[in-house]
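S.K.: Requesting a structural model of the entry that follows:
(one chain, ligands or ions: 1)
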Amino acid sequence: MKNILRIKDLSYQVEDKKILNNINLQIESGQYVTFIGPSGSGKSTLMRIIASMITATSGDVIFDGQSIQKYDPIQYRQRVSYAFQQPTLFGKTVKDNLEFPFLVRNKEFVEKKAVSALEMVNLDESYINKSVNDISGGEKQRIALLRNLLFKPEILITDEVTTGLDTENKEIVHQMLTKFNQDEQMTILRVTHDESEIKNAIKTITIKDGEIV
Ligand SMILES: Nc1ncnc2c1ncn2[C@@H]1O[C@H](COP(=O)(O)OP(=O)(O)OP(=O)(O)O)[C@@H](O)[C@H]1O
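M.R.: Numbering: from 1, shown residues only. Predicted coordinates for the structure are as follows:
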């Protein structure tokens, strides 16, 4: 398997506070990697650097053979997609949200594709015209994830996306991510504190005090 991601001597510092310290890591294409570690250890910071939302103080992230700084940010985000813990839906309806991935790619909206994506997370076609105010937290997270997944990224980063969800919603999210990983060989980097997710993880990496242990 090829290395899709290589993290080299990466550090991140804010003023005199070291948040990440000399991280070295290689991720192979198609891996499902779970990042664990105490609160405040630097997991989200590392994910945000990989997603190119913030820039490392030193060191580099190599994606598909090239430093991430060399990519056009909009294109990079289509290939390496970051899903937040607290999803925000924008606009008025679910459709506004599912249209967005088409818009940023200058593509015409295909409602059929959006509807079948909804079905993948157990939401029937009536959801497409629902107001964003009329859906539950768990449904919100499932729809937010579809924005990341309507056009498949090569790497999906999920940063505590199941925190606060009930067992049923957790299971739906889990099944969808497993399917993308197994059927589409999508590389997934997951941050979680969830005991059962950690127990069932294929590969875990522990971050403590800004370092891999
Ligand atoms: N821009 C910043 N300025 C100052 N401190 C920061 C900044 N970004 C992160 N930190 C600090 O860096 C540390 C690591 O934060 P980070 O969110 O990466 O941890 P985490 O492992 O994801 O935690 P959690 O599991 O609670 O989400 C924390 O102490 C945080 O307060």
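
S.K.: C-alpha only now, for contacts and for neighbours.
M.R.: Will do.

S.K.: Please state the mean pLDDT value computed over the top helix by length along the chain.
M.R.: Longest helix of the chain, by residue count under DSSP state H: helix 167-184. The average pLDDT within helix 167-184 is 94.

S.K.: other SSEs contacting that helix?
M.R.: helix 137-149, strand 187-191 (3 or more CA pairs under 8 Å, 6 or more residues apart in numbering; DSSP states H and E).

S.K.: So which elements touch the first one?
M.R.: What that stands for is helix 137-149. On a contact count with 3+ CA pairs under 8 Å, 6+ apart, helix 137-149 meets strand 80-83, helix 94-104, helix 111-120, helix 167-184.

S.K.: can you list contacts of it?
M.R.: Residues outside helix 137-149 that contact it (CA atoms under 8 Å, 6 or more residues apart in numbering): 81-83, 86-89, 94, 97-98, 100-101, 117-118, 121, 156, 161, 165-166, 169, 173.

S.K.: isn't D9 right up against G59?
M.R.: Yes - using CA atoms under 8 Å, D9 is in contact with G59, at 4.8 Å.

S.K.: For K2, give me the pLDDT.
M.R.: With respect to pLDDT, K2 has a value of 87.

S.K.: Next, count neighbours for it.
M.R.: The local packing of K2 (other CA atoms under 10 Å) involves 11 other residues.

S.K.: can you tell me which residues contact it?
M.R.: 28-29.

S.K.: And for M47?
M.R.: 157, 159.

S.K.: What distance do you get for the most centrally placed residue in the chain to L98?
M.R.: Centroid check for the chain by CA atoms, centre = their mean gives I157 as the closest residue, at 2.4 Å. I157 sits 19 Å away from L98, going by CA to CA, to the nearest Å.

S.K.: for G91, same thing?
M.R.: From G91 to L98 the distance is 10 Å (CA to CA).

S.K.: Looking at the two, which is more packed in?
M.R.: Higher neighbour count among G91 and L98: L98, with 26 against 12, using other CA under 10 Å.

S.K.: wait, the more buried one sits on A114?
M.R.: Yes - between L98 and A114 there is a contact at 6.3 Å, judged by CA under 8 Å.

S.K.: Okay then, goodbye and thanks.
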